[in-house]
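Undergrad: can't give you the sequence, but here's the structure:
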């Protein structure tokens, strides 16, 4: 296993979701009709798709949350930028081990965590150890 290649979220307003994620720093890769692809790191893409039946029996649904990896030292700026845009931000919250997160809801109600876990400290070591296992 090498990690997540892509994650697709359903959005009733694809453009509004695009603006939210581009505002977080993701880069638009491509559009194909009602589907949008954003770069979420070097090897991962985030899809934003309108509701409806797709190929391979894809269907919309709810998730608990997902986390995007951010660099250490950027959470305060991201939290401030999001608050300036009217987004309710929880955190930064420091976790055991020193890593920190902020939590927001995107325009479609998806819970998004911005987390510096794999950048430094215990998270980085845990990520490296997991890759070695």
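TA: It's in. A quick note: this is a predicted structure, and the numbers were derived from the prediction, not measured.

Undergrad: what helix or strand is the most centrally placed residue in the chain on?
TA: Among the residues of the chain, the smallest C-alpha distance to the mean C-alpha position (Cα atoms, centre = their mean) belongs to residue 68, namely 3.9 Å. For residue 68, the host element (DSSP states H and E) is strand 66-69.

Undergrad: and if you look at residue 83?
TA: With DSSP H and E as the criterion, residue 83 is inside helix 75-84.

Undergrad: Report pLDDT for the residue nearest to the centre of the chain.
TA: Among the per-residue scores, residue 68 holds a pLDDT of 92.

Undergrad: Against which helices or strands is the one helix or strand residue 93 maps to packed?
TA: Assigned by DSSP H and E, residue 93 belongs to strand 90-94. Packing partners of strand 90-94 (3 or more Cβ pairs under 8 Å, 6 or more residues apart in numbering; DSSP states H and E): helix 75-84, strand 100-105. Yep, even glycine has a C-beta here, placed from its N, CA and C like the rest.

Undergrad: please redo it, this time with the cut-off set to 10 Å
TA: Packing partners of strand 90-94 (3 or more Cβ pairs under 10 Å, 6 or more residues apart in numbering; DSSP states H and E): helix 75-84, strand 100-105, strand 111-115.

Undergrad: Can you check which of those gets nearest to residue 60?
TA: Across those, the minimum distance to residue 60, taken as Cβ to Cβ, is reached by strand 111-115, at 15.9 Å.

Undergrad: quick revisit: please name whichever of the helices and strands packed on strand 90-94 is nearest to residue 55.
TA: Minimum separation from residue 55 across the helices and strands packed on strand 90-94 (Cβ to Cβ) falls at strand 111-115, 26.1 Å.

Undergrad: Residues in contact with the closest one: which ones?
TA: When contacts are taken as Cβ atoms under 10 Å, 6 or more residues apart in numbering, the neighbours of strand 111-115 outside the stretch itself are 9, 20-21, 24-25, 62-70, 74-75, 78-79, 82, 87, 89-93, 95, 99-106, 123.
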